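Visitor: Quick one, what's the 3D model for this:
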Amino acid sequence: MQSRTYTLPIAGAILLLASHTVSAQEVVKIGVSGPLSGANAFAGKDNENGARLAIEELNAKKIKAGGKVVTFALSSEDDQGDPKAGVSVAQKFVDDGVKFVLGPYNSGVAIPASRVYNDAGILMSTVGTNPKVTQAGYKSVFRIVASDTQVGSSVADYAAKQLKVKTVGVIDDRTAFGQGIAMEFVKQAKRLGLKVAAHEFTTDKATDFAAILTALKAKKVDAIFFGGYAPQGAPMVRQMRQLGLNAKLLGGDTLCSPEMAKLGGDAVGENVLCAQGGAILEKQAGGPAFKANYKKRFKQDPDVYAPSFYDQMMFIAQAIRATNSTDPSVVGAALHTTSHKGVVGTYAYDDAGNMKKSSVTIYTFRNGALAPLASY
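Guide: Residues are numbered from 1 along each chain as shown. Next comes the predicted model:
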């Protein structure tokens, strides 16, 4: 009998303690929206990996908000790089109680999805570079890299001042990203006195560019600016060589990818130049460590945006700690008024959700790897 009188209170105490432990935790759902299938799946997976690495590090640190340990739970969905699919993913995240979304990757997906996230009070952090992404006035939308205005202009500056280009051809893939960055390149090129010989169009599914390239060769262009993605840029540069078109291929951040060299082979070298928002990773204080940790975890080097996804996740966690809240509106207000030193730059946002200052780096390819040329 005696043993029972002591066992019951102890058991009760254990149950009470367990209940208290459970109640002292909060699970915060983090959604990642990007292309996990199709030609740009490599980019979607890289973005997801950047977020995953940050979340694993944060969960190990056991950060607190409101007296509770915050556990971040990652939910990654394939938006296929398609606007309709992206809106469906956004609605799924709303239904699942996701509070913060990293992505979408594509501007054409980010623009319609941003409305769904805004209406549901979800904070969205995108690498969509089209200026329209942040023009709707949503306080919950953040662009975590330089916009097309900055990137396109930087490429035009480098082409005119360093490459001494006189005549350019322009090709865009008709996506929101491709059109946006091509338009910004053309604006700055004309300001600098470059002749835009022609503006041609393709799609983000095309593989044969012979007719377009033949037309541009006839116009004796010194360079071609391509507003589009690496899966089209790589065969494009191969076909340029086959046609004897000895012009530089210029592009934005989507060409600054190991995938460009992987798909283009020995046709991709110093004849290809691209611009990427952010500083040179290897030259940043935390850059080498991030690259090493990423490679150890995922058995490959980071691609274009993994560092940005990692940094923004860390900035969100910083804001959660600072405000002692996981409410996206509270965290969003903090992101607008504070800054974060990340592995690839310092993050601070204006009222529209754009980076207040974002450097742009011009790269080329040497021996199949990106090589930085200049920063703006």
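
Visitor: By mean pLDDT, which helix or strand of the protein comes out lowest?
Guide: None of the helices or strands of the chain scores lower by mean pLDDT, DSSP states H and E than helix 2-23, at a mean of 47.

Visitor: Just list what the helix or strand that that one is followed by packs against, helices and strands only.
Guide: Next along the chain after helix 2-23, taking DSSP states H and E as the criterion, comes strand 25-34. Applying 3 or more Cβ pairs under 8 Å, 6 or more residues apart in numbering; DSSP states H and E, we find strand 25-34 packed against helix 41-61, strand 68-78, helix 83-95, strand 100-102, helix 306-323. (Each C-beta comes from the backbone N, C-alpha and C, glycine too.)

Visitor: cutoff 6 Å now
Guide: Here strand 25-34 touches helix 41-61, strand 68-78, strand 100-102, going by 3 or more Cβ pairs under 6 Å, 6 or more residues apart in numbering; DSSP states H and E.

Visitor: Show me the contact partners of the shortest one.
Guide: Applying Cβ atoms under 6 Å, 6 or more residues apart in numbering, the set of residues contacting strand 100-102 from outside is 30-33, 51, 117, 122-125, 309, 316.

Visitor: What residue spans form the domains of the protein?
Guide: Domains of the chain are assigned by automatic domain parsing as 11-145+283-344, 149-277+361-375.

Visitor: what's the closest of those to Met355?
Guide: Of all the domains of the chain, it is domain 11-145+283-344 that lies closest to Met355, at 6.6 Å by Cβ to Cβ.

Visitor: All the helices of this structure, in order from the start?
Guide: Ranges of helices in the chain, per DSSP state H, are 2-23, 41-61, 83-95, 107-120, 148-161, 176-191, 210-218, 230-242, 258-264, 287-298, 306-323, 328-337.

Visitor: Give me the pLDDT for the residue most central in space within the chain.
Guide: Centroid-nearest residue in the chain, with Cα atoms, centre = their mean: Val127, separated by 3.5 Å. At Val127, the model reports a pLDDT of 96.

Visitor: again, but for Asp253
Guide: pLDDT, read off for Asp253, is 92.

Visitor: Is the closest residue to it other than its chain neighbours bridged to anything, and to what?
Guide: Taking Cβ to Cβ, 6 or more residues apart in numbering, and ignoring the residues beside it in sequence, Asp253 has Gln276 as its nearest neighbour in space, at 4.3 Å. Gln276 has the following beta-bridge partners by DSSP bridges: Thr361.

Visitor: quick one: contacts for Gln276?
Guide: Gln276 sits next to 253, 256, 361 when contact means Cβ under 6 Å, 6+ apart.

Visitor: these two touch, right, Val330 and Arg321?
Guide: No: under the criterion of Cβ atoms under 6 Å, Val330 makes no contact with Arg321, lying 12.0 Å away.

Visitor: can you redo the helices of the chain as JSON lines with mean neighbour count and distance to Met355?
Guide: JSON lines is the format used below for the helices of the chain (neighbours: other Cβ atoms under 10 Å; distance: least, Cβ to Cβ, whole Å):
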{"stretch": "helix 2-23", "mean neighbour count": "9", "distance to Met355": "39"}
{"stretch": "helix 41-61", "mean neighbour count": "21", "distance to Met355": "17"}
{"stretch": "helix 83-95", "mean neighbour count": "19", "distance to Met355": "22"}
{"stretch": "helix 107-120", "mean neighbour count": "22", "distance to Met355": "15"}
{"stretch": "helix 148-161", "mean neighbour count": "23", "distance to Met355": "9"}
{"stretch": "helix 176-191", "mean neighbour count": "22", "distance to Met355": "16"}
{"stretch": "helix 210-218", "mean neighbour count": "16", "distance to Met355": "33"}
{"stretch": "helix 230-242", "mean neighbour count": "22", "distance to Met355": "23"}
{"stretch": "helix 258-264", "mean neighbour count": "21", "distance to Met355": "24"}
{"stretch": "helix 287-298", "mean neighbour count": "16", "distance to Met355": "18"}
{"stretch": "helix 306-323", "mean neighbour count": "24", "distance to Met355": "10"}
{"stretch": "helix 328-337", "mean neighbour count": "19", "distance to Met355": "11"}
